[in-house]
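In: Mind folding the following:
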Amino acid sequence: MGIFNKLFGKKEQQESIDQGLQKTREGFFSKISKAIVGKSTVDEEVLDNVEQALVSADVGIDTTVKIIDRLEKRVARDKYLNTKELNNILKEEIQDLLIPSSQDSSYVNYELPQGHKPHIILVVGVNGVGKTTTIGKLAHNFSLAGKSVLLGAADTFRAAAVDQLTIWSERTNVPIVKKEMGSDPASVAYDTVLSGVARNADVVLIDTAGRLHNKAHLMDELSKIKRVIQKVIPEAPHEVMLVLDGSTGQNALEQAKHFTAATEVTALAITKLDGTAKGGVVLAIADQFKIPVKFIGVGEKATDLLVFDKQQFVDGLFHLGA
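Out: Numbering: from 1, shown residues only. Take a look at the predicted model:
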């Protein structure tokens, strides 16, 4: 039984997403409404206005052009397209852009992949995106789902990161492996994985430094961490999860470019979507990087870090009655 079965059902989860995407939805649809007012068919002017609405929601130029191109093809194919149909068609096209593996997340109801134990997740991201908080929320939710969790404080260059993760460890009653300030991050990661095996933990979450001085430095540090933990578990880490702050819009895209160029990112967690009108950046990131979005943050509570479901996300964008 997963976390959503224990805490709330699919309806409640959809309500959380609807509420979390309220600012994005309101800004987006106010512009869409203006785009079609007084229009009976979708013409070039309507498409131009829809394009502006998408860009303003931080969907991004490249992804917006792709969506508009698809809309133009639908208009040409269907000959006569009623503006009342526009929302449904937009919804279909946007949902198609979100890669299938996002929907087929390994973490449906916070259940873990089968075949290995512990599941090692290396968490990366710049300072300020909510990386350490996201790790704490993951620990909380995996624990609620009945999983044994271990934390590794490998961001040893920032005392606040270790302190913050320690607070989450105490709050969630999840053990933590940490060392003194300035310790070798790879050494902390190694000890964490070793302890995870000894404890027979289900999942190990390792925090990493949030500095991004240059790609080479980041690559060297993460490569070293991977090498040492592979001495314990040859196939580790099973995932490298990049945490991005959705409220920063296009800046989150830039961070994704840097990290994906520097290391092999296999999953994304996008935070702080509840406080922004830039939620469309999720579409841009998923479309441009073809990396599955595994989690989204839509509120302050630990349980507001939701397993990403593309259908629920798009429903949240288009739920006019929310």
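
In: What ranges does the stretch 151-300 of the chain have for its helices?
Out: 159-172, 185-198, 215-229, 250-262, 281-289 (DSSP state H, counting those that start in this stretch).

In: Please identify the most buried of those helices.
Out: Mean neighbour count (mean count of other CB atoms under 10 Å) peaks for helix 281-289 among these, with a mean of 23. For the C-beta atoms, the positions are set from N, CA and C on the backbone; glycine is no exception.

In: Mind jotting down where the strands sit in the stretch 101-250 of the chain?
Out: 119-124, 149-153, 176-177, 203-207, 239-245 (DSSP state E, counting those that start in this stretch).

In: Show me the one of these that comes nearest residue 49.
Out: strand 239-245 (28.5 Å; CB to CB).

In: avg pLDDT for the closest one?
Out: The pLDDT scores in strand 239-245 average 94.

In: Which strands border it, and is each parallel or antiparallel?
Out: strand 119-124 (parallel), strand 267-271 (parallel) (DSSP bridges).

In: Looking at the ones you listed, spot the one closest to residue 87.
Out: The nearest among the strands paired with strand 239-245, by CB to CB, is strand 267-271 at 23.5 Å.

In: which residues are in contact with the closest one?
Out: 129-130, 133-134, 239-246, 252, 256, 281-282, 285-286, 289, 291-297, 305 (CB atoms under 8 Å, 6 or more residues apart in numbering).

In: Among these, filter down to the buried ones and hand me the PyMOL syntax, if you would.
Out: The buried residues among the contacts of strand 267-271 can be selected in PyMOL (16 or more other CB atoms under 10 Å) with this line:
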select buried, resi 129+130+133+134+239+240+241+242+243+244+245+246+252+256+281+282+285+286+289+291+292+293+294+295+296+297+305
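
In: show me where pLDDT drops low in the stretch 101-250 of the chain?
Out: Scanning the stretch 101-250 of the chain for pLDDT under 70 picks out 101-109, 211-216.

In: try 90
Out: 101-115, 126-130, 156-161, 181-182, 209-223, 246-250 (pLDDT under 90).

In: in the protein, which helix has the most residues?
Out: helix 61-78 (DSSP state H).

In: For it, list every residue counted as buried.
Out: Quick answer for helix 61-78 (16+ other CB under 10 Å): 63, 64, 66, 67, 68, 70, 71, 74, 75.

In: re the thing from before, I'd like to know which of the strands of the stretch 101-250 of the chain is closest to residue 165.
Out: Closest approach to residue 165 among the strands of the stretch 101-250 of the chain (CB to CB): strand 149-153, 4.8 Å.

In: Tell me the strands beside the closest one, with direction?
Out: Sheet partners by DSSP bridges: for strand 149-153, these are strand 176-177 (parallel), strand 203-207 (parallel).

In: Please name the nearest non-neighbouring residue to the residue most central in space within the chain.
Out: The residue lying closest to the centre of the chain (CA atoms, centre = their mean) is residue 269, at 2.3 Å. Closest residue to residue 269 apart from its sequence neighbours, by CB to CB, 6 or more residues apart in numbering: residue 295 at 4.1 Å.
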